[in-house]
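Colleague: Make a model of this:
(2 chains)
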Amino acid sequence: MSQVFHDIEKKIITSLKDNPKQTPETLEKNTKLSPDQIRRGIEWLKLKDLAIVNESKTSIFSLDKNGIESFQKGLPERRLLNLLKDGPRKLSDLQKELGPVFGSAIGLSRKNNWVDASSDQILLKNFPLELPGEKTIKQIGNNKLPQDKIDKNDLLELLKRPDFIIENVIKTKEISLTNSAKSIKLSESSGAIDVEAKVLEVFVARTHPLKDTIDEIREIFVTLGFSEINGNMIQSSFWNFDALFTPQDHPARELQDTFYLDGISAKKIATPEQIRKVSESHKKNWRYHWDINEARKMVLRTHTTCVTIKHLAENKSDEARVFSLGRVFRNEKVSYKHLVEFNQIEGVVVGKDANLRNLMGIQREFYKRIGITKIKFWPTFFPYTEPSLQTMVYNERLGKWVELFGMGVFRPEVTKPLGITKPVLAWGGGIERIAMLKYGLDDVREFYNNNLSWLRSARKCQ
Amino acid sequence: MPVVELSHIHLQKLVGKVTKKQISDSLPFLGLDIESENKDLIRVEYSPNRPDYSTDFGIALGLQGLLQIKTGAIKLNIKKSKKYVISVKSEVSKIRPFVTGIVATNGKIDDKTIKQFMTLQEDLHFGIGRKRKKSSIGIHDLDKIIFPLVYKTTNRSFKFIPLNSKKELSISEILKNTDVGKDYGSILGNSSQVPIILDANQKTVSFPPIINAAVTTVTTRTKNLFVEVTGINKEDAEDMLSVVATILQSAGFTLESVQISGAKNSSPKLEQKKMSVSPSLINQTLGLNLNNSKIISSLKKSRIDALTKGKNIICTIPAYRFDIFGPMDLVEEVALGYGIQNLEPTLSPSQTLGQKHPISISLQSLSSIMTGLGYMEALNSSLTSKRILYDNAQRDSSKIISVLDSKSLEHTILRDSLLPGLIDSLAKNIHESYPQKLFEIGTIFNKTNYVTEETHLCAVSSHKDANFSEIKSVLQSVIQSIFGKTGETRTTTYPTFEKGHVANITVNGKIIGIIGEISQSTKNNFKLRESIVSFEVKLPD
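Modeller: From the prediction side, this is the model:
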């Protein structure tokens, strides 16, 4: 046998070879190990089938308050019999002398026919040398005795009576070596360590899995020739809605879908020309009274498109590929598939030859790079793009097609008022959805729970 | 997005000679997402800009085109009639100026059809009607009405028996006590006069935009219908009417005209629109090279008529397609008719070089520095609760930034610090092994005159022996990485932290953050036991 043992194990084995059956306490004394070391050592040896642990229970008996009184003065019935030894006595006198124990004494004595209590005068009929229970009280005395040292039947008499006996159940462990352990020669073991032993767990500190997906997507966009643009999360309704041809009376703008900031309005929202042209486009196409105060209301952006459109309106490039990435907000009930706040990626291509098939081509390439190859395109509707499509992606785990990114060509009603003259292809969608596919999650909330057991175990490299 | 339930058998009957599979395969290419499907029923999601798709009659028209069973524009055949007249009193101009309508006769209505008409009505109210504010619709049993009708106003004590009621209610009672009254009453404002449509016997037909009279209720026994639309804008009201007229015609009704006059009102024409589109815009936008006849046949599949005129294609668009604003909408109709599945994706070479935003680059480096120091990255929402951000962390809430009417109690205010969120994360992990070290890089919001956004870094370390020196060592190393120099810590007070164990962090003489040991009372509030140390700094812009 070429087993490697820990020092603790060696000490326990040695001690048990000298003294084959021991309790943890005696082992502690004999090996000078701490209780915790003994506990661990026994556990290891048990796992290796080298030690046997026998657990047993014993009852220890001692006298309770009535028992102690009887030990000192005799059982109540013994005291009664002693008082009657010299002739009959009056019941009331006996009552006075014996006090509270009189009741039980007279009751037991009558029942066992030791006395005659038919009249006021109590007579002795029998005087037994040993009453039931007397033996046990004598045996236990001031000590604690295990069951096997006491007459079982006599003990039972006392256990029936209140507050005579205290029973303590004690669990004991007895450790012994198995046969294979007995043959171990510890002197033979080398200085090697136990390479199979379990060790303390340490956890990797890592970037957040969702951040990894975001970074990966950012990297893909850059390699596809896109430059990143940034913008605020708080935006005026003008850029979040009006500039994107969403009429002010549109249900999507209502409180129930959008987070408006309480009591905060923008002073300067856009250039006078931008405001004039956007409002004209609204009045002409949607036929309603456009109100600048509505456009001043501050919202938590509902999409990153507001960042994109502002950038395009400021730069008016004839040729551009830009993307923006960040958190967006929706006033929804939180559930396994909806968050009030999630990340969105959005890309745009500006160019005189930009067309829908290019847009589909970029999608296909993007999905290929994040490892999704089974895709198809379906028509859909967005207020600010025309034509509009959505990508459907085959989810192998769910066995069905799920909707991913939306895309389209910015409507002339959006681009013209802002002075953007070349076609703009735009697409985007939620990043959490992609990350859910990647990490096999069914509940999107997991990304924001900061659950350490998941963060510590989620695969980093995949 | 709204959902409509369709029966395969009914749809097949309406469309013509098609298989179930052809229908299921084609629906997505009309822009209808199949939500679920079984042997008999399909549930599809449709876009709110196409209310005609809220009924199987409308969807059948679309499928007929795509499957080339019937193509080209749907024409409304409206029989000229002089029997049906509505006169409008000028007093309505102040409250709801326009009314329009149509009559539909000799049709059959079953329970399913009634249900679909109701959905159609609701969609029209919600979308183009802007929750009945712009325009609203009422569908009535024609045979219960005696023409001519009058559209006028009345006062709020006027009484009639409204739909779903057994007894007479006054206008005020309807507005106060019925669901529709409570939902839409605000459209009428405080005006003492409200719109009403009465028939020749002075019987109430409708109280727009709130509710119809009970007497005109449409049932499965109804054969002839009267449809009225009222609104603040004539075009919108007629757009709405055109959708209903188209659906009723497809459902087998004969349409008859209603004559309307008075106070700037006139009879609806429901005419087709003409719009021109250039083939080059179509081909340029789609990346195709289609000849005019292919373009025209594609448009016809989308149920739009078209013909070549000079360099352009002139399209004839039915009135119910008010979602078509201009040429770009026609480009989409060509794409749908051509078939999205027939568009081959192409990758055009990039003319530009990509780059990350400099801030993204520096934040990515900071993340790797923090993980290098043994800290796990956490993410919390920007929207949080007062309980976490202010009450539990015992922070000053005088600059609280609230959002209006949040549906989630846990997300009602914007965070102005990352620390409370991270302490809360520790509180969610008390059963995990220690030490626990977390960091977050995120946006916080500051209220001054306005709201500004800053990026912060926050780190927390929690274990039995966590102390100020430990976190200060980490801070020093982080500050060195960000600023190229060490910062200073100067004693201060801050309610989240333990008195005498907290300091301001200063770099270049400016306070950029806070560092210290979290106080016992803060830990109690979050039900945490182990020691916690933390710092939070504002990152350079």
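Colleague: State the distance from the closest residue in space to A:Gly74 that isn't next to it in sequence to A:Pro128.
Modeller: Once flanking residues are discounted, A:Gly74 sits nearest to A:Asn82: 7.2 Å by CB to CB, 6 or more residues apart in numbering or on different chains. C-beta here means a position set from N, CA and C on the backbone, and glycine is covered the same way. Using CB to CB, to the nearest Å, one obtains 12 Å as the distance from A:Asn82 to A:Pro128.
Colleague: so where's chain A uncertain?
Modeller: A:1-3, A:187-191, A:255-256, A:460-462 (pLDDT under 70).
Colleague: Give me the contacts around stretch A:371-378.
Modeller: A:360, A:363-364, A:367, A:389-394, A:401, A:404, A:437-438, B:28-29, B:31, B:33, B:340-341, B:343, B:345 (CB atoms under 8 Å, 6 or more residues apart in numbering or on different chains).
Colleague: From those residues, which land in helices?
Modeller: Among the contacts of stretch A:371-378, the members falling in helices are A:Met360, A:Gln363, A:Arg364, A:Tyr367, A:Leu437, A:Lys438 (criterion: DSSP state H).
Colleague: how near is the second one to A:Trp290?
Modeller: Yep, that's A:Gln363 we're talking about. Distance from A:Gln363 to A:Trp290, by CB to CB: 35 Å.
Colleague: gap between the nearest residue to A:Leu177 once chain neighbours are set aside and chain B?
Modeller: In this structure, A:Leu177 finds its nearest non-sequential neighbour in A:Leu16, 4.9 Å apart by CB to CB, 6+ apart. A:Leu16 sits at a distance of 34 Å from chain B (criterion: CB to the nearest CB, to the nearest Å).
Colleague: And A:Leu16, how far from A:Lys171?
Modeller: A:Leu16 is 20 Å from A:Lys171, where distance means CB to CB.
Colleague: what's the helix or strand for the residue in the stretch 1-150 of chain A positioned nearest to chain B?
Modeller: Proximity of the stretch 1-150 of chain A to chain B (CB to the nearest CB) peaks at A:Asp36, 17.5 Å away. In this structure, A:Asp36 sits in helix A:35-47 according to DSSP states H and E.
Colleague: Just the buried residues of stretch B:165-174, please?
Modeller: Across stretch B:165-174, burial judged by 16 or more other CB atoms under 10 Å in any protein chain shown covers B:Ser165, B:Leu169, B:Ile171, B:Ser172, B:Glu173, B:Ile174.
Colleague: Equivalent analysis for stretch A:227-236, please.
Modeller: Here stretch A:227-236 shows A:Ser227, A:Glu228, A:Ile229, A:Gly231, A:Asn232, A:Met233, A:Ile234, A:Gln235, A:Ser236 as buried, counting by 16+ other CB under 10 Å.
Colleague: got it, and stretch A:8-15?
Modeller: Within stretch A:8-15, the residues that count as buried by 16+ other CB under 10 Å are A:Ile8, A:Glu9, A:Lys11, A:Ile12, A:Ile13, A:Ser15.
Colleague: likewise stretch A:388-405?
Modeller: Buried-residue list, stretch A:388-405, by 16+ other CB under 10 Å: A:Ser388, A:Leu389, A:Gln390, A:Thr391, A:Met392, A:Val393, A:Trp401, A:Leu404, A:Phe405.
Colleague: That one: end-to-end distance?
Modeller: End-to-end distance for stretch A:388-405: 11 Å, by CA to CA, to the nearest Å.
Colleague: residues making contact with that stretch?
Modeller: The contact list for stretch A:388-405 (CB under 8 Å, 6+ apart) reads A:356, A:359-360, A:363, A:367, A:372, A:374-382, A:406-408, A:427-429, A:433-434, A:437, A:440, B:33, B:332, B:340.
Colleague: which ones among the residues you listed are found in strands?
Modeller: Among these, DSSP state E puts A:Ile375, A:Lys376, A:Phe377, A:Trp378, A:Pro379, A:Gly406, A:Met407, A:Gly408, A:Trp427, A:Gly428, A:Gly429, B:Asp33 in strands.
Colleague: Tell me the spacing between the first one and A:Met392.
Modeller: Spatial separation of A:Ile375 from A:Met392 under the definition CB to CB is 7 Å.
Colleague: Equivalent analysis for A:Gly326, please.
Modeller: Per CB to CB, A:Gly326 is found 25 Å from A:Met392.
Colleague: ok, A:Ile434 - contacts?
Modeller: For A:Ile434, the contacting residues are A:Thr213, A:Ile217, A:Ile370, A:Leu404, by CB under 8 Å, 6+ apart.
Colleague: which one of A:Gln363 and A:Trp290 has more residues nearby?
Modeller: The residue with more neighbours, out of A:Gln363 and A:Trp290, is A:Gln363; 22 against 18, by other CB atoms under 10 Å in any protein chain shown.
Colleague: can you put the buried residues of stretch B:165-174 in CSV and add distance to A:Leu186 and pLDDT?
Modeller: Output for the buried residues of stretch B:165-174, formatted as CSV (distance: CB to CB, whole Å; pLDDT from 0 to 100):
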residue, distance to A:Leu186, pLDDT
B:Ser165, 97, 83
B:Leu169, 99, 86
B:Ile171, 102, 84
B:Ser172, 100, 87
B:Glu173, 98, 87
B:Ile174, 97, 85
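Colleague: For those residues, work out which two are farthest apart.
Modeller: B:Ser165 and B:Ser172 (14.3 Å; CB to CB).
Colleague: any idea which helix or strand comes after the helix or strand harbouring B:Ser172?
Modeller: Using DSSP H and E, B:Ser172 falls within helix B:171-177. The C-terminal neighbour of helix B:171-177 among helices and strands, as given by DSSP H and E, is helix B:179-184.
Colleague: Please point out which parts of that following helix sit buried.
Modeller: For helix B:179-184, the neighbour count (16+ other CB under 10 Å) marks B:Val180, B:Gly181, B:Tyr184 as buried.
Colleague: out of those residues, who's nearest chain A?
Modeller: B:Tyr184 (13.9 Å).
Colleague: Now for the closest residue in space to the closest one that isn't next to it in sequence: which residues touch it?
Modeller: Spatially, and ignoring its direct neighbours in sequence, B:Tyr184 is nearest to B:Arg132 (5.1 Å; CB to CB, 6+ apart). The contact partners of B:Arg132, by CB under 8 Å, 6+ apart, come to B:His125, B:Tyr184, B:Ile187, B:Pro209.
Colleague: what are the phi and psi angles of B:Arg132?
Modeller: Backbone torsions of B:Arg132, given as degrees, to the nearest 10, read phi 70, psi 0.
Colleague: That one and chain A, how far apart?
Modeller: 11 Å.
Colleague: Just the endpoints, please. Distance across stretch A:408-424?
Modeller: OK, stretch A:408-424 end separation, CA to CA: 9 Å.
Colleague: Oops, could you answer that again for stretch B:380-388 instead?
Modeller: Terminal-residue distance, stretch B:380-388 (CA to CA): 12 Å.
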